[in-house]
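Participant: Below is the sequence, then the predicted model.
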Amino acid sequence: MIELQGVGYGYGGRALFSDLSMALAPGSFHFLTGPSGAGKTTLLKLCYAELRATEGRVSLWGRDARGMDRDAVALVRRRIGVVHQDCQFLDHLPVAENILLPLIVAGRQDEGERNLRELLAWVGLTEQAGQYPPELSGGERQRAALARAVITSPEVILADEPTGNLDWEMSQRLLTLLVELNRMGKSVLIATHDLNLIRASKAQVATRTLRLRNGRLQQAGADL
Ligand SMILES: Nc1ncnc2c1ncn2[C@@H]1O[C@H](COP(=O)(O)OP(=O)(O)OP(=O)(O)O)[C@@H](O)[C@H]1O
């Protein structure tokens, strides 16, 4: 679905990473780890065509991202749900409307009501639907961000530090939601610093861990 071959990227002419390859297959579950500033968020942005690789090839469902115009990118993004590091809510809209936004943008609001009710119950935010994002706790915000990422039924979920600043219990709860999505057949990639979260996932799901460090991507093994 998403494939990177020999990909490099840099800001302002300075290479951040190079010759990086990976593939997200249907139903796969990956963690992406590495030190702060290694380029995890940048790598996720390449996966959903927010950024274009400066070398190599990013293929999204078999199409080279480089040749995609805005409409093609918009189409492909509907197959990808992104949980952003900072949630990116519109604070003047209630939580329910924030979650519905991707469906509205996709012109599919008719699917909204039923999906929304189910999703709010699934993430445990039925009571908070009418509240505004600044009124939510950190864990509630992250769960709302996850609901928003999956309301369009994407095939791939890319989550950038979804458990950053959450306590252990809430991190586990979020991980369980992501594992449930994976069991429904979705491919999941989680960027995280939290090695305990990666270890805890092993009991629930078969995962691969990729480590981005010094401009290289390696598969992490038992050394985690
Ligand atoms: N828009 C930008 N312009 C210039 N430099 C940038 C930009 N975005 C990120 N960078 C730099 O690129 C490097 C990688 O950033 P990135 O956010 O991808 O790392 P990260 O591994 O996700 O970090 P963290 O774990 O702290 O979130 C950092 O040094 C960052 O300052």
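Facilitator: Noted; the coordinates are in hand. Numbers count the residues shown, from 1 in each chain.

Participant: Counting by contacts, list what the helix or strand of the chain with the lowest mean pLDDT packs against.
Facilitator: Sorting the helices and strands of the chain by mean pLDDT, DSSP states H and E puts helix 112-122 at the bottom, at a mean of 86. Applying 3 or more C-beta pairs under 8 Å, 6 or more residues apart in numbering; DSSP states H and E, one finds that helix 112-122 contacts helix 95-105, helix 138-150. The C-beta positions use only the backbone N, C-alpha and C, and glycine is treated the same way.

Participant: list the buried ones in the first one?
Facilitator: When you say that, I think you mean helix 95-105. Neighbour-count burial for helix 95-105 flags 95, 96, 97, 98, 99, 100, 102, 103 (criterion: 16 or more other C-beta atoms under 10 Å).

Participant: okay, which residue is most central for the chain?
Facilitator: Closest to where the C-alpha atoms of the chain average out (C-alpha atoms, centre = their mean) is residue 158, at 1.8 Å.

Participant: Assign it to one of the three secondary structure states.
Facilitator: Taken by DSSP: H, G, I helix; E, B strand; the rest coil, the conformation at residue 158 corresponds to strand.

Participant: Same question for residue 74.
Facilitator: From three-state DSSP, the assignment for residue 74 is helix.

Participant: pLDDT score for it?
Facilitator: Note on residue 74: pLDDT of 89.

Participant: and if you look at residue 110?
Facilitator: 80.

Participant: And the helices in this structure, which stretches?
Facilitator: Secondary structure of the chain (DSSP state H): helices at 40-47, 70-77, 95-105, 112-122, 138-150, 168-183, 195-201.

Participant: Buried by neighbour count: which residues of the fourth one qualify?
Facilitator: Meaning helix 112-122. 112, 115, 116, 119, 120, 122.

Participant: Equivalent analysis for the last one, please.
Facilitator: For helix 195-201, a neighbour-count test (16+ other C-beta under 10 Å) marks 197, 198, 201 as buried.

Participant: which residues touch the second one?
Facilitator: Neighbour list for residue 198: 31, 33, 192, 207, 209, 224 [criterion: C-beta atoms under 8 Å, 6 or more residues apart in numbering].

Participant: Give me the buried subset of those.
Facilitator: Neighbour-count burial (16+ other C-beta under 10 Å) applied to the contacts of residue 198 gives 31, 33, 192, 207, 209.

Participant: residues in contact with the last one?
Facilitator: Residues counted as contacts of residue 209 (C-beta under 8 Å, 6+ apart) are 30, 31, 32, 33, 198, 219, 220, 224.

Participant: can you do 6 Å?
Facilitator: 31, 198, 220 (C-beta atoms under 6 Å, 6 or more residues apart in numbering).

Participant: Thank you kindly, that will do.
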